[in-house]
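>>> Have a look; sequence and predicted model below, questions after that.
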Amino acid sequence: MADDDDKPKKHTLDTLFMVYANYQVIPTEIENELFDSILLSQLDAWLEQAKLMPNPITRTQTGLIYMRYKKWRMEYEDFLEVLHQLSVDNDIPLDEFKQTMIDAGIPSGATDIVIVK
């Protein structure tokens, strides 16, 4: 079992959610602030990384769905609902949609080291 600790761990949807939620964040006065919710621009960046945007999913489509929540940042549970809605609207099986998001990996150009637990 000790050998398993040495192997690189793969990202899951929830760990990638945390990576994207903290990607391209404008620095604030608070040092080392970590976000556990995602902005629309970060969601769109993830969809682009997964090659799901601009086809079949558009920024207009994500924007309209995102606005239904009336929040600046979206928590993970709401994010899962958005993925479900996008998969239904675009006729993509939800499991396949989630796997595509996972396969996209971390944002290209990201320099932060992320520890997956």
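Nice, I can see it.
>>> going forward, measure contacts and count neighbours with C-alpha atoms only.
Noted.
>>> Sort out which residues of stretch 51-66 are buried, please.
Neighbour counts over stretch 51-66 (16 or more other C-alpha atoms under 10 Å) mark 52-53, 57, 59, 62, 65-66 as buried.
>>> wait, what's in contact with residue 47?
Counting by C-alpha atoms under 8 Å, 6 or more residues apart in numbering, residue 47 touches 53, 101.
>>> mind redoing it with 10 Å?
Residues in contact with residue 47, defined by C-alpha atoms under 10 Å, 6 or more residues apart in numbering, are 41, 53-55, 57-59, 62, 100-101, 104.
>>> likewise residue 16?
For residue 16, the contact set (C-alpha under 10 Å, 6+ apart) comprises 10, 22, 46, 101-102, 104-107, 114, 116.
>>> so how far is residue 55 from it?
Distance, residue 16 to residue 55, using C-alpha to C-alpha, to the nearest Å: 22 Å.
>>> What's the first helix or strand after the helix or strand bottoming out on mean pLDDT in the chain?
Across the helices and strands of the chain, the lowest-confidence element by mean pLDDT, DSSP states H and E is helix 2-6, at a mean of 52. Where DSSP states H and E defines the elements, the next helix or strand beyond helix 2-6 is helix 13-21.
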